[in-house]
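Peer 1: structure for the following, please:
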Amino acid sequence: MEAGSKYVILCRNKSIDLADPKIMGVLNTTPDSFSDGGLFVSQKDALERIGQMVEEGADIIDVGGESTRPGADPVSPAEEMNRVLPIIEKAAERFGDVLLSVDTTKYEVARAALEAGVHIVNDISGLQKEPRLAGLCAEYSAGYVLMHSQGDPQTMQKNPRYDDVISDLKHYFKNQMALALNAGLQTLILDPGIGFGKTLEHNLKIIANLDKFTEFGYPILVGASRKSMIGELLGGRPVDDRLTGTIAVHYHSLIMGAKMLRVHDVKEAKDSIRIFNAVNAAKL
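Peer 2: As a prediction, the model looks like this:
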C-alpha cells in the first residue's frame, strides 16, 4: 500500500518498505539449476550461503527445490519438500530478520514451507498450475509473487509467440490478479518472467517497457540474473561471465520502476541499488 512516498507491503509478520528497492537472493537446492545447480544441496552449504547473502545485504532469500531452467524435468512434491524444508526450518531459526520465500508451483510444498516459516510464495506459474495457492497465501497473510510464464520448463523456449508481448502480459496480469484478489490475497508482487517462454526480443521489450506494469499499483520484481538473454546479447558469454550484463539489465529495471531484484550476486546488486538511490536523491 502507498503511504506518502513509501511503498510498504506486509508478508505475514514482517513489513517491507519498498521506497528502497529490495534484493531477493537465490538459493537453489537442486542438482540441475542452470547457474548454481549442485552447489547448495547439503544443508551445511545452503545455510552458509544464506548467511553470506544476508551479510552482503539480501532482504529476502528465495529457496527453490525444483529447477525451472529450460528443458528441466519436474520433481515430485515429496522430493521437493525433502530438498527445501530442512533448510527453511533452520534458516527461519538462524536468520530471524530476513524474509524467506519458497520458489514452488505446488500446493503441498507451499503449505509445508509456510508452516516451516516462509513469508512469501514465489510461483512461476502465476496460479496457472495451482490456483489454490492464492487462497493458501491469504490464509497465512503471506506475500505472493505472481509471475508470467508461457508453457512449462520443458517446452517454454520452443518458439514462444505473442500478438504483442506487453499487451498480452498486461491481459494475463489482469486475469490472474483477479483470481488472486477474489481469493482474499492481500500482498501481491508481479514478475514479468524474463526468460520464461520468451525470445530475446520479447525480453528486451519487457525490460524497455517495464513501467507499463507498474500501472497496476503492485511492486514489480525482475529476475534476469545470469540468464541466457544476457549471454546472447554479449556474444555467447557463459553463465559465470554475465555479472556486468546482469547489473546493467537490473539497473535499467530499477529506472523503469522495479522494486525488487532476484539475484545470484547479492553484494554487486546491493552496490548498484546504493548508487541508484544516491542518483535519485540528487534529482532537482
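Peer 1: alpha carbons only for contacts and neighbour counts from here, please
Peer 2: Will do.
Peer 1: which residues touch Tyr162?
Peer 2: Residues touching Tyr162, when contacts are defined by Cα atoms under 8 Å, 6 or more residues apart in numbering, comprise Asp168.
Peer 1: just the pLDDT for it.
Peer 2: At Tyr162, the predicted lDDT confidence score is 94.
Peer 1: same deal with Asp265?
Peer 2: pLDDT, the model's per-residue confidence, is 96 for Asp265.
Peer 1: likewise for Val41?
Peer 2: The score at Val41 is 63. That number is its pLDDT.
Peer 1: how about the one 5 residues further on?
Peer 2: Predicted confidence (pLDDT) at Ala46: the value is 90.
Peer 1: repeat for Met147
Peer 2: pLDDT, the model's per-residue confidence, is 98 for Met147.
Peer 1: what about the residue lying closest to it once chain neighbours are set aside, distance to Leu261?
Peer 2: With sequence-adjacent residues excluded and distances taken as Cα to Cα, 6 or more residues apart in numbering, Met147 is closest to Asp191, at 4.4 Å. When Cα to Cα, to the nearest Å is applied, the distance between Asp191 and Leu261 equals 10 Å.
Peer 1: now the common contact residues for the two.
Peer 2: Jointly contacting Asp191 and Leu261 under the rule Cα under 8 Å, 6+ apart are 221-223.
Peer 1: narrow the residues you listed to those in strands?
Peer 2: Counted as lying in strands by DSSP state E, out of those, are 221-222.
Peer 1: going by neighbour count, which of the shared contacts of Asp191 and Leu261 comes out on top?
Peer 2: Neighbours were tallied for each of these (criterion: other Cα atoms under 10 Å), and the maximum of 26 neighbours falls on Leu221.
Peer 1: contacting residues around that one?
Peer 2: Applying Cα under 8 Å, 6+ apart as the definition, the contact partners of Leu221 turn out to be 189-192, 258-262.
Peer 1: now list the buried members of these.
Peer 2: Buried members of those, counted by 16 or more other Cα atoms under 10 Å: 189-192, 258-262.
Peer 1: using CSV, lay out the residues you listed together with secondary structure and pLDDT.
Peer 2: What follows is the buried ones among the contacts of Leu221, written out as CSV (DSSP: H, G, I helix; E, B strand; the rest coil; pLDDT from 0 to 100):
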residue, secondary structure, pLDDT
Ile189, strand, 97
Leu190, strand, 98
Asp191, strand, 98
Pro192, coil, 98
Ala258, coil, 97
Lys259, coil, 97
Met260, strand, 98
Leu261, strand, 98
Arg262, strand, 98
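Peer 1: okay, those in a markdown table with distance to Ala282 next?
Peer 2: Formatted as a markdown table, the entries for those read as follows, by distance: Cα to Cα, whole Å:
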| residue | distance to Ala282 |
| --- | --- |
| Ile189 | 28 |
| Leu190 | 28 |
| Asp191 | 29 |
| Pro192 | 30 |
| Ala258 | 19 |
| Lys259 | 19 |
| Met260 | 21 |
| Leu261 | 22 |
| Arg262 | 26 |
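Peer 1: neighbouring contacts of the strand or helix carrying Lys174?
Peer 2: In this assignment (DSSP states H and E), Lys174 forms part of helix 165-182. Residues external to helix 165-182 that are found in contact with it (Cα under 8 Å, 6+ apart): 126-127, 131, 134-135, 146, 148, 162, 190, 192, 202, 205-206, 209, 212-213.
Peer 1: just for the stretch 101-250 of the chain, where's the confidence low?
Peer 2: Within the stretch 101-250 of the chain, the stretches with pLDDT under 70 are 152-156.
Peer 1: and the helices in it?
Peer 2: For the stretch 101-250 of the chain, applying DSSP state H, counting those that start in this stretch gives helices covering 107-116, 132-139, 165-182, 200-208, 211-214, 228-233, 243-255.
Peer 1: okay, those helices, which one's buried deepest?
Peer 2: The highest mean neighbour count among these belongs to helix 132-139 (a mean of 21), with neighbours defined as mean count of other Cα atoms under 10 Å.
Peer 1: Asp191 contacts Tyr144, doesn't it?
Peer 2: No: using Cα atoms under 8 Å as the test, Asp191 is too far from Tyr144 to be in contact (10.4 Å).
Peer 1: now the helix holding Lys174 against helix 200-208, angle please.
Peer 2: Angular relation of helix 165-182 and helix 200-208 on a 0 to 180 degree scale: 60 degrees, by axes from the mean of the first three to the mean of the last three Cα atoms, to 10 degrees.
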